[in-house]
Each structure stands twice: as structure tokens, then as C-alpha cells.
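> give me a model of this one.
(one chain, ligands or ions: 2)
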Amino acid sequence: MKDEVTREERVDALGGMGCKRKRVEDARFTQGKGNYVDDLKLDGMLFGDFVRSPYAHARVKSVDSSAAMEVPGVLAVLTAADLEPLGLHWMPTLAGDKMMVLADGKVLYQGQEVAFVVATDRYAAADGIESVEVEYEELPVLVDPFEALQSDVVLREDLLGADGGTPDGAHGPRNHPNHIFTWEAGDKDATEQVIGAADVVAEEMVYYHRTHPCPLETCGCVASMDKVNGKLTLWGTFQAPHAIRTVVSLISGIEEHNIRVISPDIGGGFGNKVGAYPGYVCSVVASIVTGKPVKWIEDRMDNLMTTAFARDYWMQGKIAATKEGKITGLWCHTTADHGGFDACADPTKFPAGFMNICTGSYDIPTAYLAVDGVYTNKAPGGVAYRCSFRVTEAAYFIERMIEVLAIELGMDAAELRRINFIKAEQFPYQSALGWEYDSGDYHTAWGKAMAAVGYDDLRAEQAQRVADFKAGKTRKLLGIGLCHFTEIVGAGPVKNCDILGLGMFDSCEIRIHPTGSAIARLGTISQGQGHATTFAQILATEIGLPADSITIEEGDTDTAPYGLGTYGSRSTPVAGAATAMAGRKIRAKAQMIAAYLLEVHDGDVEFDVDRFVVKGAPERFKTMKEIAFASYNQAIPGLEPGLEAVSYYDPPNMTYPFGAYVCVMEIDVDTGEHEIRQFYALDDCGTRINPMIIEGQVHGGLTEALAIAMGQEIAYDEMGNVKTATLMDFFLPTAVETPHYTTDHTVTPSPHHPIGAKGVGESPNVGGVPAFSNAVHDAFRAFGLRQSHMPHDHWRIWKIANELGLHG
Ligand code: PCD
Ligand SMILES: [Cu+]
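Numbers count the residues shown, from 1 in each chain. Ligands and ions are numbered 1, 2, ... in the order given. Sure thing, here's the model as predicted:
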């Protein structure tokens, strides 16, 4: 038996950063031991459910609940009239608008909440819903945002001025009753001048359709008002539990210390669970009214029809370049369809999110962006859905514009990208639309991707395929979908990012126990990302205790430090940084304890993996475990007992992960079917905490990108009926449709993040959608296709082929 383990073995024993540590949460998830909100069963718990509007736009003339109250098991029916005296019939949205909790005189979208039926169980509630009689008077429906801006049908009468005019909204002047805001970035005049004088200009309308995050677990909550102690406990599927507590306190008047919000295990969030829904408010009121805990859990149709959608951006673009292909200017006007209420989840100062990252990975000297938000008769929302704050929209826009410009120039699209990339030596890079990119090395990533897929050979094969097709030898085309994206994640610096006035910092609090194990609590909340695994790895490396002896806890506002939650891939950039910083505070105190125990000066010991060693005398050391114990059992002059630290971290900048993706797709011209032959994804998220979790994140994000690009859509008919409200119609890929992904990486650390890490969870969706869509477009490039709208389902692909005259 050897008496000394090697340094390498000590590093391995920690399970710290960079290792493929197995996900500690999976033991319970794979054995049915997860604890989701619907698993919660409390004594006397009631169930609440909604009467929903069948119409997309109608006046609500009356709501009669008398028959419903006769239904066995039904205990209460709440309407707007009941909530009005409490001031709870409307609630603020995260975007500075307000929305109805229950229909107040009218409804603005199909499925809107009209009344809340509270009963002994879900079945009785359903019977009660059937018996509520609502009298509607149908109104003209607006589903097209361009038409909405012309129409004299007023959707939001509550926002009309006394004179019938349109007073300013939360984001400035409005020029039409159905107009929400205009948001601009960049230099309009300079951009128009550049475009006017350019050798080549490509112009296109790029539409990113309406879709929905559709997490496996729908939204829900349990509200329990303890009237004796005046305490309200709210369990729910919240991606931002602290923010929810503050909002509930502000709108209900219950003091914040009397509210406890708990996010238990969450079955996927993807942006869907960031905002506040009428179900939360109604459950709280119902619990106060009945004195019983009240549960509300959506079914799949409720979730798809009424909770936060994503995208629905019409992006009109112009891109200018020299004959040689050097891009000189970019112009974009976006019409953003927000539905009946502006309930987007974006930082307050960014009503169109970070859409102004739409210059992408390219060094574009002049640019201009304007976004018009519009009300229509569709569900509210506008959440990220795996793309922090409109970044997928921006990336899709620029990556389509590049392809269209390549067609205009008669150039290879990979080469066009390469000659326009921001160069490694230009970082930190100031973009024309206002961002400072922290770090990047696009040429290296791109070169690696091109080599890995054998780009030149692919193009040669494609040319041969086109020749064969024209010669009648094949009916299949080959598409090579390229994408180089730049993400912007980690909102964000408090100076420019807040939600409802709450600065977007995040936090971590660590307690080391006497035996050298620990608990760390964070302001974020995992919904499947594996935070319990990865945050322990950051700490293991920072404080030298094994990851296996560190518990990570999130989601309980009574115990966790305040934080803004998990979305926008902000946990690693913000809470991950707080974790490292709190760890360093622990280490600083541990150093003083070690020095005392070793009877040397503080400066004479140094940290080494899991211990402090006397400099130059490696045999004299104290392990972190010994130090932890000493902090509790020795009186150390000048130091408080115990070993704890907390950090609230306000990042100096966001982080800018990036990636190079290539999708090789075979397309059957006669059936419109596609087959993904190869998908190569290179991601650079700076320092990698857990390569296995990153790979899982990339697989998941790419599969959601496949879904969106190739079939997923929230579609409406002209009456405002949702045509895709079930999983029969709303495409969710299974193992059958999901291709094999090849993942790869480069590492360009963030210069301002304490451990150099950037976010990654959203990247594969941001970069994946353009890669899939570009592959479809590229397959038909030789036959004259410029632009066609997603989702590229079989029927739409067949139609492209048909319109190009390829069916003979
Ligand atoms: N460098 C690095 C980065 C990262 N990482 C890892 O990875 C993950 C992720 O991260 P991030 O990126 O930071 O993120 P977060 O914040 O955490 O999360 C969030 C995201 O996440 C994603 N992913 C996921 N997964 C799952 N499973 N589930 C879910 O739900 C989800 N979601 C999605 C989304 S959509 Mo939004 O909300 O739309 O805004 S945003 C989002 C974690 O675990 C971490 O730790 C690592 O490792 N490294
Ligand atoms: Cu987004």
C-alpha cells in the first residue's frame, strides 16, 4: 500500500470542472422518484381549472355560474367580477403591459381564461366548467400583424386614451391602437446611404414562424394559504421563483416574508415557465377564499393554446456588399406579433430582446434595426424557447441573409462567411448595433468544421447530384446547410438588464459543515440542465472538497439567496460566476485558518487541489477537510468560527458563445421527405464545466431546432382558431425523426467570467434552426430558390419543388 496518493489522483477524487461527472439527479428521475408539482398532495387539497373562450375575439356579455355551483364537488367559481374588488382581475406582464387574469368584458384569443372553477378534484372541476354559461358576442378577428396595423378594429380598448387616441405604452409612443412599440438600434441614415451606394444589395422577407416550447411537464402550481400564520406557500413550475415571489407580493399585498415560493423538480422549462400565468393568481385567490390548498395543472391543450409562445417575427432585411463580397451594411425592419397582451419575457430596456445581435458573427460596419410590436388575436407570450431573448430570430435572420447574398453574388456561402467574420484579434469587438462581444475565434472554429465535414468534397458531390437530377438519373437533391452563429447569454449587467425593475444579478451561498461536506444554494433553478451536478463541480475545483460531498439546492425562496432564475442560458454566466466567487471567499478564509494551524504567515501557504501547503515544504499541509473541522472546533484569533460565504454577482458583460454547424440533407423531390445524413455541431462555450452535460444540452437543443425548422408550428386559421393544439398536430420529434449528431468544440474562455465559462444550453437551438433551414434552401439553390418560410414539413418542401417546376 502506498502511503501518498499522487496529485493527479487527488484531482480525480474531487470530480471537479472538466470531468464527465454523471448527473446526480438522474438516480431519482430514472426511478420515478422525482418530485414534481403534480406529485404534491396536501390534506383537503382542491383542484381549480378554467372555463376558456372558444372565440379569438368576442365580447363577454355575461358569465352565469349558478348551474355550475350545483354540480357535485364544485365549491367556487371565480370570475373577473370576483377578482375586481381585490384589484386582481388584471395583472402586470414582464414586458410592462398588463393582462387580464379572467376575461374582463372581452376576450382576445382562443383559450383565454374566462372563469376559474374550484372543485374537490379535477373531474368535478371539469363537470363544473361544462355548466358555466357564458354569453359571447363575436368580434372581427385579426390574426395578421400587418393587417392589424391598418385595421380599425381595436383589440385593446383598455389602452385607448379618453379622446380615443393612443397614449404612450411602456416602451414609448404608439401610432395605432394595435401598435405596441417601436424599438430602434443603430444608425438609420448611414445604413440607408451605404445600401444606396452599394455594388450589391440582397433584399428578403425572413419569417420565423410562431412556435411553442411545449415542455414535457405542463405549467402548474399549488397555492396554500395558512390563515392562522398569515403565510402563503406557492409550489409551482417556476423558472424564476424569487421573481414570482416579488410579483405575488406586489400584486396581492401579502408581505414578501410571508410568501414562500418553491420550485420543486421541473420537467423542462425552455422559457415557457418564466412568466406569470392567470392560473397562479387564481389558485392563490381560491386558496384564500376556500381556506384550502388549491392545485392547478394545465393539460396539453391548455399549454399549447394559451401559455407563452415563441417567435412570430417578420423580418424584412437588406444586406449590402462589395462585388468581392465584403459586407458593408445591414438593415432590418421587424414586425413582431405579440398576440393579445405583450407578455414577452425580455429585460425591461429590450422590448425586442437582444434582436440587435442580428449582425451575427460578421464585421458589419453599419447597421440599423427597427422592431414594431403589434397586438393580434393570438395567445400572449414571446418567450425565448431555448434562445435567449430573440437571439434565434436574430441568428436565423442574418444566416438567411448571408445565404441570399451569396446567391446574389454568385458566391460560395462558406467563403462569404469566412471573409466577413470578425477576426480573433478584433475582440473585444464593438458591434454596430451596440454590443461588445467578449471573445471569439470564428476562423478557427469554421476551419475545423469545414475540414471535419469535408466541405469541398460535399460541394463536388452536390454538383454531381444536380447534374444527375437534370439527366433524370435521380429524384433526390443534396442540401448543405451552413450556420455560424454568435449567441449572447448571461443577462446581465444590472446597469442595463432588469426584469420589472429587479436587476439581473445572481447569487450563491455556501456553508461548509464541520466534517468537510457542504451545501450551496443558488438563485437559479434547474429544469433538467443538471445544476446539482455542475455547480458542485465548480465548487469542487474552487474549494477542494469532492463534488460528491457538496449538495446543491435551488428553488426555495425561504432558503436560497435572491436571484433572477434560470433562462437565457444565464445560470452558468451569472450564478456560476457567483458560485466561483463565493468559493473563493471560502478559500480565502481557509487560507488564514491553514496558516494559523501550520504556524506560518497567510502568505506562506498556497492552495493545491484539496489543501493548503507551506510554500517550498509540500510535506507540511492542511487538507480542506481538516480546515473545515478546525473552523468549527478551534478558537482562531481574529477569525469568526464557521466557514460560510455568499456572493451576489453582477456580471460586467454578457458572454458570447458561438458555434459552427453543418447539416447535410437529402431531399426527395417527389414526396418532400428529408433525411439528415450528417449533422456536425461545433460549440465554443468557453471553459467547459461538464463535457457530458454539454453534449446532452447540444443534443437536446439540436432536436428542438430540428422540430422548429422541419415541422413544429402554432398555426391559426383566419378565425383565430388554433390548428395545432394537440400533439397529433404539433410536431414533437421522437427517436425516429432524430438524426445522429456529431459534436465538437473549441475553447475560447470569456475574459471577464471568473472561470471563463459561457452559457451553452441555448446555443444549439440558435445555431441549429438556420443550419436545418439553410440545408433545405441550399438543396434547391441550383433551381432558383431564394427564400421560403419554415417549418419545412414534407408538404411545404413538396410545394417548393412543385413551384420550381421539378415535378415535370
Ligand atoms: N461552459 C459550460 C456551460 C454550461 N454547462 C452546463 O450546461 C448546462 C446549461 O447551462 P447554461 O447554458 O448556463 O444554461 P442554464 O441557465 O443552466 O439553463 C437555461 C437553458 O437550458 C436549456 N437546456 C435545458 N435542458 C433541459 N434538460 N431542460 C430545459 O428546460 C432546458 N432549457 C433550455 C433553455 S430554454 Mo430559455 O428558458 O428559452 O430562455 S434558457 C435554457 C448547465 O448544467 C451548465 O452547468 C457546462 O457544463 N459548461
Ligand atoms: Cu429568443
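
> every contact and neighbour count from this point should use C-alpha atoms.
Will do.

> just the pLDDT for the residue in the stretch 251-400 of the chain positioned nearest to ligand 2.
Taking CA to the ion, ligand 2 has its nearest neighbour within the stretch 251-400 of the chain at Arg390, 2.7 Å off. Per-residue confidence (pLDDT) for Arg390: 96.

> now the strands for the stretch 351-500 of the chain?
Applying DSSP state E, counting those that start in this stretch to the stretch 351-500 of the chain gives strands spanning 366-375, 381-383, 429-430, 436-437, 476-486, 498-499.

> scratch that, the stretch 1-150 of the chain is what I was asking about
Taking DSSP E, counting those that start in this stretch, the strands of the stretch 1-150 of the chain run over residues 46-52, 58-64, 74-78, 90-92, 98-100, 106-107, 113-119, 133-138.

> what would those strands look like in JSON lines with mean neighbour count and distance to ligand 1?
Below are the strands of the stretch 1-150 of the chain laid out as JSON lines (neighbours: other CA atoms under 10 Å; distance: least, CA to the nearest ligand atom, whole Å):
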{"stretch": "strand 46-52", "mean neighbour count": "26", "distance to ligand 1": "24"}
{"stretch": "strand 58-64", "mean neighbour count": "16", "distance to ligand 1": "31"}
{"stretch": "strand 74-78", "mean neighbour count": "22", "distance to ligand 1": "31"}
{"stretch": "strand 90-92", "mean neighbour count": "19", "distance to ligand 1": "20"}
{"stretch": "strand 98-100", "mean neighbour count": "20", "distance to ligand 1": "21"}
{"stretch": "strand 106-107", "mean neighbour count": "26", "distance to ligand 1": "27"}
{"stretch": "strand 113-119", "mean neighbour count": "28", "distance to ligand 1": "24"}
{"stretch": "strand 133-138", "mean neighbour count": "15", "distance to ligand 1": "34"}
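
> dump those strands into TSV; add distance to Val747 and mean pLDDT as well.
TSV is the format used below for the strands of the stretch 1-150 of the chain (distance: least, CA to CA, whole Å; pLDDT from 0 to 100):
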stretch	distance to Val747	mean pLDDT
strand 46-52	49	98
strand 58-64	54	98
strand 74-78	55	98
strand 90-92	41	95
strand 98-100	43	97
strand 106-107	50	98
strand 113-119	48	98
strand 133-138	57	98
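
> between these, which one is closest to Leu234.
Nearest to Leu234 among those is strand 46-52 (14.1 Å), distances taken as CA to CA.

> is it possible to get a markdown table of the strands of the stretch 1-150 of the chain that adds distance to Met355?
As requested, these are arranged in a markdown table below (distance: least, CA to CA, whole Å):
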| stretch | distance to Met355 |
| --- | --- |
| strand 46-52 | 33 |
| strand 58-64 | 33 |
| strand 74-78 | 39 |
| strand 90-92 | 23 |
| strand 98-100 | 23 |
| strand 106-107 | 30 |
| strand 113-119 | 31 |
| strand 133-138 | 36 |
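
> show me the one of the ones you listed that comes nearest Gly410.
Smallest distance to Gly410 across these (CA to CA): 49.1 Å, for strand 98-100.

> got a list of contacts for the closest one?
Applying CA atoms under 8 Å, 6 or more residues apart in numbering, the external contacts of strand 98-100 come out as His89, Trp90, Met91, Pro92, Thr93, Pro278, Phe341, Asp342, Ala343.

> format the strands of the stretch 1-150 of the chain as TSV; extra columns: distance to ligand 2.
As requested, the strands of the stretch 1-150 of the chain are exported to TSV (distance: least, CA to the ion, whole Å):
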stretch	distance to ligand 2
strand 46-52	28
strand 58-64	30
strand 74-78	34
strand 90-92	21
strand 98-100	21
strand 106-107	27
strand 113-119	26
strand 133-138	33
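
> so where's the protein shaky on pLDDT?
Flagging of the chain using pLDDT under 70 yields the residue ranges 1-3.

> recalculate using a threshold of 50.
The model of the chain has pLDDT under 50 over residues 1.

> what does it have sitting close to ligand 2?
Within reach of ligand 2 by CA under 5 Å from the ion, the chain has these residues: Ala384, Cys387, Ser388, Phe389, Arg390, Val391.

> which one is the first one nearest to, not counting chain neighbours?
What it means is Ala384. Gly271 (5.4 Å; CA to CA, 6 or more residues apart in numbering).
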